[in-house]
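A.B. asks: pasting the structure only:
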């Protein structure tokens, strides 16, 4: 699997530009009026979904959407393999 996501940390509120929306929990959105614009998911949620589908996480490469992490693409790149 090679996919791009907005991946947030499991603790605390999601970083800008995302904000928590109870209707989308555990996801966060960048625009509550148009949640499909950009959606971020906690890393633990992503890991659970991969595991439930017999995929093993190999790497999460940070995206440039978070200035403190840099990155070659806007979104985080997720790489996983079938177990």
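C.D. replies: Thanks, I have the structure now. Predicted model only: the values in this text are computed from it and were never measured.

A.B. asks: now the helix or strand of the chain with the lowest mean pLDDT: how far from the chain's centre is it?
C.D. replies: Ranked by mean pLDDT, DSSP states H and E, the helix or strand of the chain with the weakest confidence is strand 19-20, at a mean of 92. Relative to the chain's own centre, strand 19-20 is displaced by 13 Å; criterion: CA atoms, centre = their mean, to the nearest Å.

A.B. asks: Tell me which stretches of the chain form helices.
C.D. replies: Taking DSSP state H to define them, one finds helices in the chain at 43-52.

A.B. asks: where exactly do the strands run in it?
C.D. replies: 2-8, 19-20, 28-29, 39-42, 55-61, 76-82 (DSSP state E).

A.B. asks: In JSON lines, list the ones you listed along with distance to residue 70 and mean neighbour count.
C.D. replies: C-beta here means a position set from N, CA and C on the backbone, and glycine is covered the same way. Conversion of the strands of the chain to JSON lines gives the following (distance: least, CB to CB, whole Å; neighbours: other CB atoms under 10 Å):
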{"stretch": "strand 2-8", "distance to residue 70": "15", "mean neighbour count": "17"}
{"stretch": "strand 19-20", "distance to residue 70": "23", "mean neighbour count": "15"}
{"stretch": "strand 28-29", "distance to residue 70": "21", "mean neighbour count": "22"}
{"stretch": "strand 39-42", "distance to residue 70": "17", "mean neighbour count": "19"}
{"stretch": "strand 55-61", "distance to residue 70": "10", "mean neighbour count": "14"}
{"stretch": "strand 76-82", "distance to residue 70": "11", "mean neighbour count": "17"}
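
A.B. asks: Select from those strands the stretch with the lowest mean pLDDT.
C.D. replies: Lowest mean pLDDT of these: strand 19-20, a mean of 92.

A.B. asks: Which other helices and strands does that one contact?
C.D. replies: Helices and strands touching strand 19-20, as assessed by 3 or more CB pairs under 8 Å, 6 or more residues apart in numbering; DSSP states H and E, comprise strand 28-29.
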